[in-house]
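Participant: Here is my input; please provide its structure:
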Amino acid sequence: MLGEKLKQVVYGHQFMNLAGDNLTNVSLFEEHCENLLCDLLSLSLNRYDKVRPFEALTSHHCPCACVKELWVLLIHLLDHRSKRSLSESFWNWLNKLLKTLFEKPSEQRRPSTPAIQPKDPLGFSWWIITHIASLYQFDRHGAPDETRQMESSWNFVEELLKKSVSVQDVVLEEHLRMYLHCCLTLCDFWEPNITIVTVLWEYYSKNLNSSFSISWLPLKGLPNTSSPLSMLEMVETCCFDKQDYDLYKSRSSYTIFLCILAKVVKKAMKNNGLHPWKQVKGRIYSKFHQKRMEELTIDGLQNFFNLFLLLAAVAEIEDVTSHVLDLLHFLKPALKSSDLLWKGQAAFLLMYTQKNLDIGVLAEKFSAAFREKAKEFLVSKNDETGQRQALWSLLSIYIDGVQEVFETSHSLYPSHETLLNDGFSMLLRACQESELRTVLHFLQALLARIRNMHQQLRQELEMENVDLVVQSSLSAKERHLAAVASALWRYFFSFLKSQRMSPTVPFSQLADAAADFTLLAVDMPSTAPSELQPRPAETMIQLFGWDDITCPQVVARYLSHLLQNSMLCEALSYSGCVSFQALTIRSWIRCILQMYIKNLNLPDDLLIEINPEQTVEKEYMEQLAELTRLLFKLSEIKSIFSKAQVEYLPIPEDPKKALVQFLEAVGKTYENLQELSDKSAMVTKSLEYLGEILKYIKPYLGKNVSSAGLQLTYRMMGILVKSWAQIFATSKAQKLLFRIIDCLLLPHAVLQRETELPMPRLAAIQRNLPLYLQGMCNVCCQSQNANAYLNQLLGNVTEQYIGRFLPAPPHVLDLGQHPVLLALRNSGNGAPMSPLRKCIVQVIRKSYFECKPFVHPPRLASILAFILQLCKETSVDVSEVGLLLPGVLKCLVLVSEPQVKRLATENLQYMVKACQVGSEEEPAAQLTSVFRDFIQNYGMQYDSQTYSILETVAVLDQQVVLHLVPTLTQALKDAEQKWGLGRNIALRKAYSKLLSHLGQAGQDEIQRLENDSTWHAL
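Facilitator: Take a look at the predicted model:
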């Protein structure tokens, strides 16, 4: 068929060549052209029936390349003829045929025309026109030609558009999207046309409250109302020169209309200046008045903002914004307190910022509204209804919007300060934890932005060859920046300061914000409030880093931030006004010692089976590890480890191990010093490291008990006492030692018989007591002057805890882990422990052997086992035997309990052997004296027990007993004389048995007793 038609066209062309341009019979050509167009449209219609609306622009109308070429040739032919003669152009031909699609068959004027009856003539017309318009880009050879002028057919398109939005017909959103997408594509190809904007606006102005949604096709991506920034992004998308083919699914028809509006206005203004904009503005503005604004729903308000944001983006932003602010006064009360209203205002604020315009008018109105809502929020602090949540929703919109304004502003102006008012002070007081997170995140973002802008300004001011005008401009910007910084100090700092002790805000954010303020004080000290002057940075560190009342979690994170800033650390270390490094070390010690304080409110039995490390928040442990790592880079720490002759500076992952290493290094450093002045300075510095250390551990010693906290406290303080013995021996540090002993080992509950320490605390003391005893012994030996009070303390501690940790029967021999014995056993480094041994001996003698009434046998067995263990593990000298042996002998005489007798006998044997070693095979005079006193005290009343005891001694050392023979003989005579009954045969027999163990000297004494005439007389 096409071939036949083309033959006719060729024939007509040949006929024209013969007849010339004055061909009068044009009907043949027109008929063939019309038939050809109808055939091409029929082919396209066959394809259109299979096209879904969202595929309209991606599904081409040509079944093959040859048909496309035929369209192109036909376009060139008809347009060429229209220029050379009075014949119609291609678009006229096509439009004429397309118009017939809308006629009923009975109304068609030319029956000879092939019938084309599409099911959707309107959609088909949009589709075919859009695709054919794109063919104007090709020359007659089918090659793309960008210089070729695109002929338009706006008149017909305007008619199509009016049909598409006709009020008489039901306009379906799914159809309208396709029509407008085609129209948008035509706007891309053709010159701008204000009429189509007018036609579309007439429709949308009447349907502004519609959501323009398709129930079965949700829009892709986030809704336009999600945030002010997303509203701007949507507007920016509408202004793109090239639009996505997926607009049908991603945008409503109203949004596509905005794309058309943006494209037409931009093109028209480019060609004809402001006149087209004034036309459009007049049409749009005229539709908004008080009644129309009062009729707006939430969807209508959203469409209103989208429209005016787009107008502001493409035309006169000040004029548009001013008009919007005037119109918003007419909204009904429900919308005046809606989230969307605040988002829209924030979006205009952001647009002003992006265009680097003064935000003064917008900022003043918006910030005033924020202040009012913040006041309402504070009043409704305890409100459980939805009002509080509604208020917070508005306030968070303002916060996010202001943050975005500051982050996108190239420079700050006085109007930026307007956005920060006392509403924030009220807001902070009313916020709960989740809300505080949002506000503090906002604060941190602003502080970071201000510091960044300040650094850029300083770099620009320090550049060479800066002329006076530029310098003046930069100085003005710096003043504006300082004003904003002062506003942040004014409205936020007081709240942060009040949160140091018991924060309701998350520790991490409080510390981060405080660190940011500190760095701001370093960069811009003059902006800080008067209470922090004249050295605001140091005062801030004092408040949040060194003050003992600040939460350790805050301190650890805060100091980590500062220590990461090497320039700041170096400047403060050498400023000369504060001991920056020493005070930072002190805070580090406090943070470690107080790591379990948060668990004090938990029942201790809940934590028994839990690893102590697990009771500390993972975040805090990681923060302590990070602080430790940074701290060990300080020059003061490195110097201490160097002077302590530690070859490699440790980098322990466990902060507690790090603290132990540090305390030991300080002690070694002091021991290695030679000059008296250096030692004195080191003592001062060491005490500065500790500060009020007893205050740090005081919470653990109260009614609320933490086993892990007590173990940590007693271990660290014990290591301190032991490793700093030489330091505590000085007069400067001795008072602290006394306070440590009184507080930890001799509290009031220990000294009172009716009260007792909690078991977790006793367990901590038992485990760590050796460290204290060893340290106190070392102090006693190091002290230049005999310190009676320190020896008294050592005696008191020994007296209190020897008995407390004695095993109960029947496990009296289980003394291997007794802390007092462990102190003697594990003293290490050849440390002199004689003061402790003396105290032990004195305590046992006074508290167990000389007390009245005599100690109960089970308790006596425990102390005898303790003495026996003491004799086995240490070298007991003769003088100590002289103090302990009388008590042991007393037990043998007075107590009949088998276990006591056995233990007392073993003690007697060990003591006699010890005296043998000490006297170099000669009987010790003191030992002899003890037995002599024993015989005088108990020999007459407990004669048989006395002889039995001495038999045991004779087996071990005859010489000792031989020296006692005169005393024993005299005692025997005195006893017989006292009783007045003559010879006591039983007593003499027992005595003779004892003498029989003494060899010849014993036999001689027996013979002398037999031969003594004195006894015969009696």
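
Participant: could you measure the spatially most central residue of the chain against Ile541, distance?
Facilitator: Among the residues of the chain, the one closest to the centroid is Ser508, at 4.1 Å (Cα atoms, centre = their mean). Distance, Ser508 to Ile541, by Cβ to Cβ, to the nearest Å: 18 Å. C-beta here means a position set from N, CA and C on the backbone, and glycine is covered the same way.

Participant: With Leu981 instead?
Facilitator: Using Cβ to Cβ, Leu981 is found at 93 Å from Ile541.

Participant: Comparing the two, which residue is more hemmed in?
Facilitator: Ile541 (26 against 9; other Cβ atoms under 10 Å).

Participant: any idea which helix or strand carries the more buried one?
Facilitator: Element membership for Ile541, per DSSP states H and E: helix 536-541.

Participant: Outside of that helix itself, list whatever touches it.
Facilitator: Applying Cβ atoms under 8 Å, 6 or more residues apart in numbering, the contact partners of helix 536-541 are 514, 517-518, 521-522, 525, 528, 531-533, 562, 568, 572, 575, 577-578, 580.

Participant: Not counting its own residues, what contacts the next helix or strand after it?
Facilitator: The helix or strand immediately downstream of helix 536-541 is helix 552-563, counting by DSSP H and E. Here helix 552-563 makes contact (Cβ under 8 Å, 6+ apart) with 500, 503, 507-508, 510-512, 514-515, 518, 541, 544-545, 568-569, 584, 587-588, 590-591, 594-595, 597-598, 617, 620, 623-624, 626-627, 630-631, 633-634.

Participant: If any of these are buried, give me the PyMOL selection for them.
Facilitator: A single PyMOL command is used to select the members of these judged buried by 16 or more other Cβ atoms under 10 Å:
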select buried, resi 500+503+507+508+510+511+512+514+515+518+541+544+545+568+569+584+587+588+590+591+594+595+597+598+620+623+624+626+627+630+631+634
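
Participant: Which ones among the contacts of helix 552-563 lie within helices?
Facilitator: Mapping the contacts of helix 552-563 onto helices (DSSP state H) picks out 507-508, 510-512, 514-515, 518, 541, 568-569, 584, 587-588, 590-591, 620, 623-624, 626-627, 630-631.

Participant: among the contacts of helix 536-541, which ones are buried?
Facilitator: Ala514, Phe517, Thr518, Ala521, Val522, Ala528, Leu532, Leu562, Leu568, Leu572, Val578, Phe580.

Participant: Low-confidence regions, the stretch 251-400 of the chain specifically.
Facilitator: Under the criterion pLDDT under 70, the flagged ranges of the stretch 251-400 of the chain are 384.

Participant: So this structure: which segments form each domain?
Facilitator: With domains defined by the TED database, the chain comprises 25-104+117-159, 192-357.

Participant: I'd like these written out as CSV, with distance to Thr755 and mean neighbour count added.
Facilitator: Formatted as CSV, those follow (distance: least, Cβ to Cβ, whole Å; neighbours: other Cβ atoms under 10 Å):
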stretch, distance to Thr755, mean neighbour count
domain 25-104+117-159, 85, 16
domain 192-357, 62, 18
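
Participant: I'd like the ones you listed written out as CSV, with distance to Leu769 added.
Facilitator: Listed next are these as CSV, based on distance: least, Cβ to Cβ, whole Å:
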stretch, distance to Leu769
domain 25-104+117-159, 83
domain 192-357, 63
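
Participant: if I pick the closest residue to Asp943 other than its chain neighbours, what's in contact with it?
Facilitator: Nearest non-adjacent residue to Asp943, counting by Cβ to Cβ, 6 or more residues apart in numbering: Leu987, 5.5 Å away. Residues near Leu987 by Cβ under 8 Å, 6+ apart: Asp943, Ser944, Leu972, Ala975, Glu976.

Participant: just checking, which of the residues you listed belong to helices?
Facilitator: Counted as lying in helices by DSSP H, out of these, are Asp943, Ser944, Leu972, Ala975, Glu976.

Participant: of those residues, closest to Gly300?
Facilitator: If you rank these by distance to Gly300 using Cβ to Cβ, Ser944 comes first, at 118.5 Å.

Participant: could you check the distance from that closest one over to Lys993?
Facilitator: Relative to Lys993, and taking Cβ to Cβ, Ser944 is found at 10 Å.

Participant: quick one, which of those two is more surrounded?
Facilitator: Using other Cβ under 10 Å, the more surrounded residue of Ser944 and Lys993 is Lys993, with 14 against 11.

Participant: pretty sure the more buried one contacts Ala954?
Facilitator: No: using Cβ atoms under 8 Å, Lys993 makes no contact with Ala954, being 10.3 Å away.

Participant: now the helices: where do they sit in the stretch 751-900 of the chain?
Facilitator: Under the criterion DSSP state H, counting those that start in this stretch, the stretch 751-900 of the chain contains helices at 759-782, 788-804, 819-825, 834-844, 857-873, 878-894, 898-919.

Participant: Which one of the ones you listed lies nearest to Pro655?
Facilitator: helix 759-782 (18.4 Å).

Participant: need the contact list for Glu636.
Facilitator: Gln581, Ala582, Ile585.

Participant: I'd like the next helix or strand past the helix or strand containing it.
Facilitator: Applying DSSP H and E as the criterion places Glu636 in helix 635-643. Next in sequence after helix 635-643, counting helices and strands by DSSP H and E, comes helix 655-672.

Participant: angle of that following helix against helix 635-643?
Facilitator: Calculated by axes from the mean of the first three to the mean of the last three Cα atoms, to 10 degrees, helix 655-672 forms an angle of 60 degrees with helix 635-643.

Participant: Could you give the average pLDDT over the next helix or strand after helix 655-672?
Facilitator: Per DSSP H and E, the first helix or strand lying C-terminal to helix 655-672 is helix 676-690. In this model, helix 676-690 has a mean pLDDT of 95.

Participant: So for helix 676-690, what gets flagged as buried?
Facilitator: Lys679, Met682, Val683, Lys685, Ser686, Leu687, Tyr689, Leu690.

Participant: residues contacting the residue nearest to the first one when sequence neighbours are not counted?
Facilitator: Closest residue in space to Lys679, ignoring its immediate chain neighbours: Leu673 at 5.0 Å, by Cβ to Cβ, 6+ apart. Taking Cβ under 8 Å, 6+ apart as the contact definition, Leu673 lies against Lys643, Lys679, Met682.

Participant: what's the spacing between Leu673 and Ile727?
Facilitator: 11 Å.

Participant: Next: Leu737.
Facilitator: 9 Å.

Participant: cool, and Pro747?
Facilitator: 24 Å.

Participant: next one: Leu757
Facilitator: 28 Å.

Participant: Ok, His441 next?
Facilitator: To Ile727, His441 is 46 Å away according to Cβ to Cβ.

Participant: Comparing the two, which residue is more hemmed in?
Facilitator: Remark: of His441 and Ile727, Ile727 carries more neighbours, 25 against 16, as counted by other Cβ under 10 Å.

Participant: thinking again about what came up before, ok, and for the helix holding Glu636, which residues are buried?
Facilitator: Quick answer for helix 635-643 (16+ other Cβ under 10 Å): Glu636, Ile637, Ile640, Phe641, Lys643.

Participant: Just give me the neighbour total for the closest residue to Asn796 other than its chain neighbours.
Facilitator: Leaving aside its sequence neighbours, Asn796 sits nearest to Leu746 (Cβ to Cβ, 6+ apart; 5.8 Å). Per other Cβ under 10 Å, the neighbour tally for Leu746 reads 17.

Participant: now Leu746, what's its secondary structure?
Facilitator: Secondary structure, DSSP: H, G, I helix; E, B strand; the rest coil: Leu746 is coil.

Participant: so it makes contact with Gly795?
Facilitator: No: taking Cβ under 8 Å as the definition, Leu746 is not a contact partner of Gly795, at 10.9 Å.

Participant: Just tell me which of the helices of the stretch 751-900 of the chain ends up closest to Lys206.
Facilitator: helix 759-782 (79.0 Å).

Participant: Show me what counts as buried in the helix or strand where Ile1006 lies.
Facilitator: Applying DSSP H and E as the criterion places Ile1006 in helix 999-1011. When burial is assessed from 16+ other Cβ under 10 Å, helix 999-1011 yields the following buried residues: Gly1002, Glu1005, Ile1006, Leu1009.
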